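Enquirer: just coords:
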């Protein structure tokens, strides 16, 4: 018995996630239109590019750990005069003065230098690693913010196609009314010919038919606007738009609703994490930066000459240098740079980072309350529209029954033409209201599911 109970419990645990997972179904053609709109949306494309920029920015910061290698080459020609004025020295026996006045040395020659230098950061006080983590958290937050943008595109596409279905149903209702009124007009014209009716009845029906014609024009205008909108969203042509077919029916939400999965909240949490890492980065600026360096170089002075006047004989002398080389010249070492005091700039940056964290915490608390309120508001409106669909269906049923009765009563003369046309208007309005209630209910249902952050995961192909 215990084994049977455990088996049943295991089955229930396996089924429960499916029972609580909110799903709504769309046709395959509508799903393709949604995917096309997401692909074509320029706002989403730019958002993806911003994420790519953050990826590159993170790599750029992390690359500071990679050694840099510089090559330097230099050639120069020098021509200068070196003036040396030493204290005068008098020889004790001869009385000759040495270094009397300034001695000038005229120099000229050629210089060449070439070398490689490598530098690398060993320790940055945590600035590089914390800066990298901050950008990564910011990137994750930006990725979460792409979800509401996609939800908006999904809702817009579905509602636009629902509007087309609404116009198609309205067109169908107008056509049905036109057929009935044309039959009534033919019957009235025969009655007028037999003296059983008056031209007033015929003109009233004719006026109603003209009103239907005006509605047709209005519906066609709205349809063109919707087609243009969908073309912009999906890049579909008219034939592709017409190929999107599905049943217009209410979306029923069965699963319990919560805002635990809202992308905006997760994005703010990641932005808060980013600012926390930025705070650590700014605090790291108080620590020294340690780096390693190494260089290999070659230096040469060649074809150099200098001329000067001797101190005793006053003869002119000229010295030449074929070349003097310094090669190989290898240097390796470790350097430390510690910015001990730079005013209060770093302190201000630390304080600013703390303020940013506090602002994010306040925004998070405020956003959690607002998204919960938004979900409750959408849910109330959704449930109201769901009940209104039932009422609209009952009104349509009554209006259809009244139409049958009115047709019989008018043909027997029990009601006049005005009463007959009133019933015709009622059937049009009640039937259209029912379809419009379904369209609005679907819109509110999508917004309600979107308010939970689960719209994309709830979308299933029928």
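Expert: On my side now, so go ahead. Just so you know, these numbers come straight off a predicted model, no measurement behind them.
Enquirer: in the stretch 251-400 of the chain, which spans are helices?
Expert: Ranges of helices within the stretch 251-400 of the chain are 263-284, 345-411, based on DSSP state H, counting those that start in this stretch.
Enquirer: between helix 263-284 and the longest one, find me the angle.
Expert: Compare the direction of helix 345-411 with that of helix 263-284 by axes from the mean of the first three to the mean of the last three Cα atoms, to 10 degrees and you get 170 degrees.
Enquirer: which elements pack onto the next helix or strand after helix 345-411?
Expert: Where DSSP states H and E defines the elements, the next helix or strand beyond helix 345-411 is helix 417-451. Helices and strands touching helix 417-451, by 3 or more Cβ pairs under 8 Å, 6 or more residues apart in numbering; DSSP states H and E, are strand 24-26, helix 127-193, helix 199-234, helix 345-411, helix 455-458. Quick note: C-beta positions are derived from backbone N, CA and C, even for glycine.
Enquirer: what's the closest of the ones you listed to residue 69?
Expert: Proximity to residue 69 (Cβ to Cβ) singles out helix 127-193 among the helices and strands packed on helix 417-451, at 18.9 Å.
Enquirer: packing partners for the closest one?
Expert: Where contact means 3+ Cβ pairs under 8 Å, 6+ apart, helix 127-193 is packed against helix 28-40, helix 42-62, helix 199-234, helix 263-284, helix 345-411, helix 417-451, helix 455-458.
Enquirer: rewinding a little: from the helices of the stretch 251-400 of the chain, which stretch is densest packed?
Expert: helix 263-284 (a mean of 20; mean count of other Cβ atoms under 10 Å).
Enquirer: by how many degrees do that helix and helix 417-451 diverge?
Expert: Using the same axes, to 10 degrees, helix 263-284 lies at 30 degrees relative to helix 417-451.
Enquirer: so which elements touch helix 263-284?
Expert: helix 127-193, helix 345-411.
Enquirer: one step back: what's the closest of the helices of the stretch 251-400 of the chain to residue 32?
Expert: Closest to residue 32 of the helices of the stretch 251-400 of the chain is helix 263-284 (Cβ to Cβ; 24.1 Å).
Enquirer: what average pLDDT does the closest one get?
Expert: Per-residue pLDDT over helix 263-284 has a mean of 92.
Enquirer: how far off centre is it?
Expert: 18 Å (Cα atoms, centre = their mean, to the nearest Å).
Enquirer: and the contacts of it?
Expert: With Cβ atoms under 8 Å, 6 or more residues apart in numbering as the contact definition, helix 263-284 has outside contacts at 124-127, 130-131, 133-135, 137-138, 140-142, 144-148, 259, 346, 349-350, 353-354, 356-357, 360-361, 363-364, 367-368, 371, 453.
Enquirer: can you put the helices and strands packed on helix 417-451 in a markdown table and add mean pLDDT and distance to residue 55?
Expert: Below are those laid out as a markdown table (pLDDT from 0 to 100; distance: least, Cβ to Cβ, whole Å):
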| stretch | mean pLDDT | distance to residue 55 |
| --- | --- | --- |
| strand 24-26 | 86 | 33 |
| helix 127-193 | 91 | 6 |
| helix 199-234 | 91 | 28 |
| helix 345-411 | 89 | 22 |
| helix 455-458 | 87 | 22 |
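Enquirer: can you lay out the ones you listed as a markdown table showing distance to residue 296?
Expert: Shown next, in a markdown table, are those (distance: least, Cβ to Cβ, whole Å):
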| stretch | distance to residue 296 |
| --- | --- |
| strand 24-26 | 67 |
| helix 127-193 | 27 |
| helix 199-234 | 62 |
| helix 345-411 | 36 |
| helix 455-458 | 57 |
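Enquirer: among these, which is nearest residue 71?
Expert: helix 127-193 (25.1 Å).
Enquirer: list the contacts of the nearest residue to residue 326 once chain neighbours are set aside.
Expert: Nearest non-adjacent residue to residue 326, counting by Cβ to Cβ, 6 or more residues apart in numbering: residue 299, 4.1 Å away. For residue 299, the contacting residues are 111, 112, 113, 325, 326, 327, 329, by Cβ under 8 Å, 6+ apart.
Enquirer: state the distance from the residue lying closest to residue 58 once chain neighbours are set aside to residue 126.
Expert: Nearest residue to residue 58 in three dimensions, chain neighbours excluded: residue 135, at 4.2 Å (Cβ to Cβ, 6+ apart). To residue 126, residue 135 is 14 Å away according to Cβ to Cβ, to the nearest Å.
Enquirer: neighbour count winner among these two?
Expert: Shown here are residue 135 and residue 126; by other Cβ atoms under 10 Å, residue 135 has more neighbours (22 against 16).
Enquirer: and the helices of the stretch 251-400 of the chain as JSON lines, adding distance to residue 103?
Expert: Shown next, in JSON lines, are these (distance: least, Cβ to Cβ, whole Å):
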{"stretch": "helix 263-284", "distance to residue 103": "56"}
{"stretch": "helix 345-411", "distance to residue 103": "51"}
